[in-house]
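> sequence first, then the predicted structure, then my questions.
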Amino acid sequence: DAGVIQSPRHEVTEMGQEVTLRCKPISGHNSLFWYRQTMMRGLELLIYFNNNVPIDDSGMPEDRFSAKMPNASFSTLKIQPSEPRDSAVYFCASSSHNQPQHFGDGTRLSIL
Amino acid sequence: GDSVTQMEGPVTLSEEAFLTINCTYTATGYPSLFWYVQYPGEGLQLLLKATKADDKGSNKGFEATYRKETTSFHLEKGSVQVSDSAVYFCALKADSWGKFQFGAGTQVVVTP
């Protein structure tokens, strides 16, 4: 079975540009989570969805960050405009009720 | 709110040594508990889990027992290998939507 699929795996862009990260959860999973991981702050939960509806976005750092889940098989995390301090590894994870989260391999984002 | 505290790293040990990583939690009720492992350049992978008091989770030689009386879920392995070098995260299931509360992670370095 395919796991959580994230794209791109690596992204390098200049500050001020719009960045879109993509995630395809495991088929049948109804919860989706976006995390950010840095050396300084560790693993941070940004936002999560259940049945495509955002449940808690209190971890989203600023209005420059937005996330959508238009259907059960796709989600995006957008940063506009991007800043160097947004450089991090962004993970998507999915789960079905009462089951552990399954993580993707992450997107390594570098903002120059 | 719910929280997870795990011992700081890095933990450095020689091959075939005994490994313990301490994890304690604060939560309302009796949440499910998990250990995840993250190898360099990869996402988090579920290592083991326990869903109720006195349950023992085990996988790949690793074990952890859910101790309600001490609110702990310490990870142990009797004889580590170089390939066990990774970051280990303790986590609890924090709500009915599947949100997890992760610890800060403990880096383990095993030398030949």
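Yep, it's here. Numbering: from 1, shown residues only, chains lettered A, B, ... in the order given.
> for residue B:24, grab the count of nearby residues.
A count of nearby residues for residue B:24, using other Cβ atoms under 10 Å in any protein chain shown, gives 17. To be clear about C-beta, it is placed using only N, CA and C from the backbone, and glycine gets the same treatment.
> look up how far residue A:96 lies from the nearest residue to residue A:2 once chain neighbours are set aside.
The shortest distance from residue A:2 to any non-neighbouring residue, by Cβ to Cβ, 6 or more residues apart in numbering or on different chains, is to residue A:26 (7.2 Å). In this view, residue A:26 and residue A:96 are 8 Å apart by Cβ to Cβ, to the nearest Å.
> the two: who's more crowded?
It is residue A:26, of residue A:26 and residue A:96, that has more neighbours when counted by other Cβ under 10 Å, with 19 against 15.
> let me know the pLDDT of the more buried one.
The score at residue A:26 is 97. That number is its pLDDT.
> now do residue A:1
pLDDT recorded at residue A:1 is 64.
> please apply the same query to residue B:8.
With respect to pLDDT, residue B:8 has a value of 88.
> isn't it right up against residue B:105?
No: using Cβ atoms under 8 Å, residue B:8 makes no contact with residue B:105, being 9.4 Å away.
> give me every residue that touches the spatially most central residue of chain A.
Nearest residue to the geometric centre of chain A (Cα atoms, centre = their mean): residue A:34, 3.5 Å. Residues near residue A:34 by Cβ atoms under 8 Å, 6 or more residues apart in numbering or on different chains: A:23, A:45, A:46, A:47, A:48, A:67, A:75, A:77, A:90, A:91, A:92.
> now do the same contact list for residue A:83.
By Cβ under 8 Å, 6+ apart, residue A:83 lies in contact with A:15, A:64, A:111.
> would you mind measuring from it to residue A:14?
Residue A:83 sits at a distance of 11 Å from residue A:14 (criterion: Cβ to Cβ).
> now for the two: what residues contact both?
Shared contacts of residue A:83 and residue A:14, counting by Cβ under 8 Å, 6+ apart, come down to residue A:111.
> any idea which element the closest residue to residue B:49 other than its chain neighbours lies in?
Nearest-residue entry for residue B:49: residue B:34, 4.7 Å, with adjacent residues in sequence omitted and distances by Cβ to Cβ, 6+ apart. For residue B:34, the host element (DSSP states H and E) is strand B:33-38.
> which secondary structure elements does that strand contact?
strand B:23-26, strand B:44-50, strand B:62-65, strand B:86-93 (3 or more Cβ pairs under 8 Å, 6 or more residues apart in numbering or on different chains; DSSP states H and E).
> what bridges to the residue nearest to the centre of chain A?
Beta-bridge pairing for residue A:34 (DSSP bridges): residue A:47, residue A:92.
> measure it to chain B for me?
12 Å (Cβ to the nearest Cβ, to the nearest Å).
> the residue of chain B found nearest chain A: neighbouring residues, count only.
Chain A sits closest to residue B:43 of chain B, with a gap of 3.6 Å, by Cβ to the nearest Cβ. Residue neighbour count, defined by other Cβ under 10 Å, stands at 21 for residue B:43.
> if we can go back for a sec, now do the contacts for the residue nearest to residue B:49.
Per Cβ under 8 Å, 6+ apart, neighbours of residue B:34: A:100, B:46, B:47, B:48, B:49, B:90, B:91, B:92, B:93, B:100.
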